[in-house]
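Enquirer: output the structure for:
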Amino acid sequence: MNNFCLGKFWERKARGYIQRIDVDGDGKVTKADYEMLVDRYLKLGHADELKAKQITRRLVKIWYDFFDESATDGAVNSDEWIAAVRRFPIFGLFRVIVEFMNLFFDLIDINGDGVIQKEEYAFFLNAFRVEDKAAIENSFNALDKDGDGQIDHDEFVNAGLEFWMSDDENLDSKLLFGPLI
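Expert: Predicted coordinates for the structure are as follows:
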């Protein structure tokens, strides 16, 4: 079991994330929710369609890393999702998080300049149904560790690793997907 740091606060973050990615609001997460999340981002007008399709394929692969579709009928509730992550081997979890964060970085960096500007990050959070400007500003500033007005690749990936592999309530990475739910 991977409960080295996956305690109560981690579970709160995970449940909030799950609620945000349950795009259709049916109380279950499916690979279709991931597809709809990217599609929502695309419909907001802020992603290249080919790039979005490539990212969707890679996200579905990550889905299969965690869930055996035959065992879940292609849908998992929050308890099943959390249990699957807790069962996943630590090094595998690390690899998947880095891959996941790289995917989202590539999607968010709309202009391809290698950094995420505040406006690009706002589009990303809008796809996760975070639309409050103050909450977006707070999240962006929390991840912009060096205060240069942009989130570089390392800042973004490190925030993802902290979010998913830490139970520390004091880390700014808790705001990666917007305010905690």
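Enquirer: what's the weakest-modelled helix or strand in the chain?
Expert: helix 69-72 (a mean of 58; mean pLDDT, DSSP states H and E).
Enquirer: ok, the helix or strand just after that one: who's next to it in the sheet?
Expert: The element immediately downstream of helix 69-72 (helix or strand, assigned by DSSP states H and E) is strand 75-76. With DSSP bridges as the test, strand 75-76 is paired with strand 29-30 (antiparallel).
Enquirer: packing partners for the very next helix or strand once past the partner strand?
Expert: Following strand 29-30 in sequence order, the next helix or strand is helix 31-43 (DSSP H and E). With contacts taken as 3 or more Cβ pairs under 8 Å, 6 or more residues apart in numbering; DSSP states H and E, helix 31-43 sits against helix 8-21, helix 49-66, helix 118-127. Where C-beta positions appear, they are placed from N, C-alpha and C, glycine not excepted.
Enquirer: from the chain's centre, how far out does helix 31-43 sit?
Expert: 12 Å (Cα atoms, centre = their mean, to the nearest Å).
Enquirer: now swap in stretch 96-110 and tell me
Expert: 9 Å.
Enquirer: now it: buried residues?
Expert: Of all the residues in stretch 96-110, those buried under the rule 16 or more other Cβ atoms under 10 Å are 96, 97, 100, 101, 102, 103, 104, 105, 107, 108, 109, 110.
Enquirer: with adjacent residues omitted, what lies nearest to the fourth one?
Expert: Which is residue 101. residue 160 (3.6 Å; Cβ to Cβ, 6 or more residues apart in numbering).
Enquirer: hang on, the one you found packs against residue 100?
Expert: Yes. Assessed by Cβ atoms under 8 Å, residue 160 is found in contact with residue 100 at 6.7 Å.
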